[in-house]
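Asks: would you be able to build a 3D model of this:
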Amino acid sequence: MTNKLVLDCFEEEEFSLIAINTSLPLYRLMYMINKKLDINFYRLEQDLDFQYDEGVAHFAIYSYFSKDYKAKAFLVANKSKLEAFHTHSTGTLFQDSPQQPVKLLMPELKGVDYLLKIEEENDVINIKTILYELKSIEQITAAYQINQDQIQNSQNLIVE
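Replies: Reported below is the predicted structural model:
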């Protein structure tokens, strides 16, 4: 007789997720968001790193904690160029470098440049207000909330 252990008390984390599309680099986007929302995101020392057969993708991540709302927010790039494990030199000084493949943190969200994840205890943050403020930044082409049911790879958003 075999025994099977079932873990059924696992609790899924509740969070709000906002997709952001812009051509801005992440550091510039962070500056604009910090200025507009009057907050202070800071870059984490460690990126979200994912290893693939052909290389490693580093997804930059910024963090903010609000003591007033007891909430954490993380802004992470959804796209990262793959850093190949092995590169071969052609031996010439001016060579055409091969295109680095782009990997997605959330493959089901192909058209999204950045993701804003908000974790809160009391449900006091008004997501619609945040969306309004983000959309008022001229360089952001789109900002919208993503339903958690759409997310297949939520484990990729585990930061801490």
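
Asks: the residue nearest to the spatial centre of the chain: which element?
Replies: Residue closest to the mean C-alpha point of the chain, counted by Cα atoms, centre = their mean, is residue 76 at 2.6 Å. Using DSSP states H and E, residue 76 sits in strand 71-77.

Asks: what residues does that strand touch?
Replies: Strand 71-77 has contacts (Cβ atoms under 8 Å, 6 or more residues apart in numbering) with 20, 26, 29-30, 33, 39, 41, 48, 59-66, 105, 113-121, 124-125, 157, 159. For glycine as for every other residue, the C-beta is placed from the backbone atoms N, C-alpha and C.

Asks: now for residue 49, how many residues are close by?
Replies: Applying other Cβ atoms under 10 Å, we find 11 residues neighbouring residue 49.

Asks: same question but for residue 63, I mixed them up
Replies: So residue 63, with other Cβ under 10 Å, has 17 neighbours.

Asks: I figured it hits residue 117, correct?
Replies: No. Contact criterion Cβ atoms under 8 Å: residue 63 and residue 117 do not qualify, at 9.9 Å.
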